Structures are given as structure tokens and as C-alpha cells.
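1. A predicted structure for the sequence below; I have some questions about it.
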Amino acid sequence: MTINQLVELIRHIEEEHNFFNRKAGHRVVKFITPRIDTRGEGIVVAVDLQGYGWENAFDSRKGQQETPSSMFNSIMTFLDTSDEDI
């Protein structure tokens with residue numbers, strides 16, 4: 001994930017997944033912890049999300065399923081999927 005995508009993700013969380021502005025059934029994010037590889041292009045290699053009663057790690061490093069390019073889409077899908085739809 002690029003730094004620009006991380007900024008877009010943070011804005012999305014602020015607008016639609018905070019305690020006061022969330023859509024019904026969507027997850028509320030309390031904490032977001034990005035891990036940025038500063039060697040080379042400075043890409044986001046992992047993002048940990050924590051909410052009320054849940055946490056999820058998205059990681060593109062060795063042995064993980066996510067790639068940096070698909071991590072953004074995976075996180076957005078996770079956030080915008082209602083808990084009831086899972």
C-alpha cells in the first residue's frame with residue numbers, strides 16, 4: 001500500500017468508522033497502527049486495526065497472504081462489510 005493510500009484509509013476511517021460517525025453495522029476503529037518500510041519506496045507493509053471487541057492485522061511481509069497492492073482493497077472491504085454479513 002502506498003503512503004497516499006494510507007492517508008486515504010485514515011480519512012475513510014475518520015469519516016465512516018469512528019465512534020460518532022459510523023454507519024449502522026459497520027466496525028468502529030479505535031486504533032490503527034501502520035508499519036512502513038522506509039528502505040526504498042517507503043511502502044506500507046502492514047496495518048493493524050483494533051476496534052471494540054475485535055482486532056485484525058493485514059500484513060504483506062514474508063509468509064503473509066496480502067500483497068502491498070491488494071492490502072488497501074482488503075482493508076476497505078473488511079471495514080465496509082457489516083458484522084452481520086460475515
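-> Cool, the structure landed.
2. let's verify the residue in the chain sticking out farthest from the centre: helix, strand, or coil?
-> Most distant from the centre of the chain: Gly40, at 22.2 Å, with distances by C-alpha atoms, centre = their mean. Three-state assignment for Gly40 (DSSP: H, G, I helix; E, B strand; the rest coil): coil.
3. for Phe72, see how far away it is.
-> In this view, Gly40 and Phe72 are 18 Å apart by C-beta to C-beta, to the nearest Å. Just so you know, the C-beta spots here come from the backbone N, C-alpha and C atoms, and that holds for glycine as well.
4. cool, and Ile10?
-> From Ile10 across to Phe72, the span is 12 Å (C-beta to C-beta).
5. neighbour count: those two, which is higher?
-> Using other C-beta atoms under 10 Å as the criterion, Ile10 and Phe72 rank with Phe72 on top: 20 against 13.
6. checking the more buried one next. Helix, strand or coil?
-> Of the three states, Phe72 takes helix under three-state DSSP.
7. so, low pLDDT: which residues of the protein?
-> Counting by pLDDT under 70, the chain shows low-confidence ranges at 62-69, 83-86.
8. in this protein, which spans are helices?
-> 3-16, 68-80 (DSSP state H).
9. ok, residues contacting the longest one?
-> When contacts are defined by C-beta atoms under 8 Å, 6 or more residues apart in numbering, helix 3-16 is touched by residues 1, 21-23, 26, 29, 32, 34, 36, 42-44, 47, 72, 75-76, 79-80.
10. list the buried ones in that helix?
-> Using 16 or more other C-beta atoms under 10 Å as the test for burial, helix 3-16 gives 5-6, 9, 13, 16.
11. one more: the last one?
-> Residues of helix 68-80 classed as buried under the neighbour-count rule (16+ other C-beta under 10 Å) are 68, 71-72, 74-75, 79.
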